[in-house]
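Undergrad: Could you look at this predicted model? Sequence included:
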Amino acid sequence: MFFNNLNKIDKVDILQNVKEMIACNKDKAVSAFIMVILTLIISLFSGDFHKKTESIRYDIYDGKTFVTETYPIFKDVVFVGDSYSHCIALELGFDTTIYSSPGLPLADLNYCFESAKKNPKKYIVIFVGPNDYRLNTNLKTFSDELSDYVNMLKNDSKVILCSYLSSIYTDDLKRNGEAEYEVYQYDNEIKKVAESNNNVYYFDLNDLNGKAKYYKYDTDKNDRIHFNNYFYVEFINRLYKFLISIG
């Protein structure tokens, strides 16, 4: 920790002194080795080194501060979608960039995607809820619409497509005979779009799904569609590692 307290001039003086010592050393191999070790030590404790190694940082965001304070990488992320994206800000804070319109299917989210296109960042995360399922959107139509949005964005950003998740609400629709398709069928379409496009990635959240899981994450008895703070804290921690993994 000694080098943490050194300013730039101090570090230069140290290196100069070492050079003078080495000049008196007849063993050039040992001299070169000493220089390499000292240079590495000074670099190791410099701020620049830490900035370049965010990929090995795995702090845990606990929901009690801004997301970008724990994970600065989220300054380079824009979220797009319906209420599932909208709730990221509601649950975790408003320090991330989000273009969202709750309650709308993909076909009506043009404004959100066009806004993301006009304000591109390194990563664009698309997270949509059960609105197309609710409206029984044809699977091909859903896939075509998603593909159009992806094609709009993928040349400027890495596009991440989140799983299409079930909820208490989608279970209600299925049980009441109001759903023409299964939730997993929409999720499969999302996977296909990711697999058939370069610079597009599928972010799998399905292990958080299913009755035993999503009942743990629902908001309250009056909201059977959305997920709670616990879900979004888990979501953002997983997404951070995922972004690091794709570079």
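TA: Received, thanks.
Undergrad: what residues are up against residue 63?
TA: Going by C-beta atoms under 8 Å, 6 or more residues apart in numbering, residue 63 touches 91-92, 229, 232-233. C-beta: built from backbone N, CA, C; applies to glycine.
Undergrad: Could you tell me the phi and psi values at it?
TA: Phi and psi for residue 63, reported as degrees, to the nearest 10, are phi 80, psi 0.
Undergrad: For it, give me the pLDDT.
TA: Residue 63 carries a pLDDT value of 92.
Undergrad: and it, how far is that from residue 229?
TA: Using C-beta to C-beta, to the nearest Å, one obtains 6 Å as the distance from residue 63 to residue 229.
Undergrad: what residues are shared contacts of these two?
TA: Common neighbours of residue 63 and residue 229 (C-beta under 8 Å, 6+ apart) are 91-92.
Undergrad: hang on, the earlier thing: buried ones among the contacts of residue 63?
TA: Buried members of these, counted by 16 or more other C-beta atoms under 10 Å: 91-92, 232-233.
Undergrad: Can you tell me which of these lies closest to residue 222?
TA: The shortest approach to residue 222 among the buried ones among the contacts of residue 63 belongs to residue 91, at 16.4 Å (C-beta to C-beta).
Undergrad: Check what pLDDT the nearest residue to the closest one once chain neighbours are set aside gets.
TA: Nearest residue to residue 91 in three dimensions, chain neighbours excluded: residue 232, at 4.2 Å (C-beta to C-beta, 6 or more residues apart in numbering). You'll see residue 232 listed with a pLDDT of 95.
Undergrad: continuing past the strand or helix carrying residue 88, what's the next helix or strand?
TA: For residue 88, the enclosing helix or strand under DSSP states H and E is helix 83-92. Following helix 83-92 in sequence order, the next helix or strand is strand 97-100 (DSSP H and E).
Undergrad: So in that sheet, which strands flank that next one, and in what orientation?
TA: In the sheet, strand 97-100 lines up against strand 77-81 (parallel) (DSSP bridges).
Undergrad: average pLDDT for the strand it pairs with?
TA: Strand 77-81 comes out at a mean pLDDT of 98.
Undergrad: From the chain's centroid, how far away is it?
TA: 9 Å (C-alpha atoms, centre = their mean, to the nearest Å).
Undergrad: Repeat that for stretch 67-74.
TA: Relative to the chain's own centre, stretch 67-74 is displaced by 10 Å; criterion: C-alpha atoms, centre = their mean.
Undergrad: Please point out which parts of it sit buried.
TA: By neighbour count with 16+ other C-beta under 10 Å, stretch 67-74 contains the buried residues 67-68, 70-71, 73-74.
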